[in-house]
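S.K.: Take a look and give me a structure for this.
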Amino acid sequence: MRNDKPKEFSWHDRRKSFVYALQGIKHVLRTQHNAWLHAVATIVVLAMGLAFHITNTEWCCLVICLTVVWTAEALNTALELLTDLVSPEFHPLAGHSKDVAAGAVLIAALGAGLVGTIVFTPYLMKLVIQ
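M.R.: Sure thing, here's the model as predicted:
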């Protein structure tokens, strides 16, 4: 007989979940070269935002973009790991699956780059004009 009663809430279990999530982020940063590029871009965006004193709305747009890119990169990594597990030998569908996930990261990064261009161009133009 299956027990459909939900497990009781536990702060200890929530803490363990948080630790596992941080381990996942650490894995992405340690193993994914593109994550290193995202990290550099994140630092540059944050530094420019602070230097130019951008508006709260601009900060919100940039934070959403950064979050989307990092989420896409993490999901891409998870899909690659799972694909390698279930299809250790080359299979065209496994390759397509990885390509599509990588494409999703590229779409997110291009969109974030466009938003960054829209946000920072006026500030950069003021520097050039002065």
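
S.K.: use CA for all of it now, contacts and neighbours both
M.R.: Will do.

S.K.: In contact with A109, which residues are there?
M.R.: A109 is in contact with V69, counting by CA atoms under 8 Å, 6 or more residues apart in numbering.

S.K.: what's the answer for the one 4 residues further on, then?
M.R.: With contact taken as CA under 8 Å, 6+ apart, G113 is in contact with no other residue.

S.K.: in which helix or strand would I find it?
M.R.: helix 92-129 (DSSP states H and E).

S.K.: Using neighbour counts, pick out the buried residues of that helix.
M.R.: 94, 97-98, 101-102, 104-105, 108-109, 112-113, 115-116, 119-120, 123 (16 or more other CA atoms under 10 Å).

S.K.: now swap in stretch 45-55 and tell me
M.R.: 45, 48-49.

S.K.: so where's this protein uncertain?
M.R.: In the predicted model, the chain carries pLDDT under 70 at residues 1-2.

S.K.: At the geometric centre of it, which residue do we find?
M.R.: W70 (0.7 Å; CA atoms, centre = their mean).

S.K.: Show the contacting residues for that one.
M.R.: Counting by CA under 8 Å, 6+ apart, W70 touches 35, 38.

S.K.: Ok, F18 next?
M.R.: Per CA under 8 Å, 6+ apart, neighbours of F18: none.

S.K.: swap the cut-off to 10 Å and go again
M.R.: Residues near F18 by CA atoms under 10 Å, 6 or more residues apart in numbering: 12, 24.

S.K.: Repeat that for the one 3 residues further on.
M.R.: If a contact means CA under 10 Å, 6+ apart, then A21 has 15, 27 as its contacts.

S.K.: tell me which element it is part of?
M.R.: Using DSSP H and E, A21 falls in helix 11-31.

S.K.: Give me the buried positions along that helix.
M.R.: 28-29.

S.K.: sorry, back to before: right, and out of the buried residues of stretch 45-55, which lies closest to L62?
M.R.: Nearest to L62 among those, counting by CA to CA, is V45 at 7.9 Å.

S.K.: For that closest one, pull up the helix or strand it's in.
M.R.: helix 33-52.

S.K.: If you compare the directions of that helix and helix 92-129, what angle comes out?
M.R.: Per axes from the mean of the first three to the mean of the last three CA atoms, to 10 degrees, the angle that helix 33-52 makes with helix 92-129 is 20 degrees.
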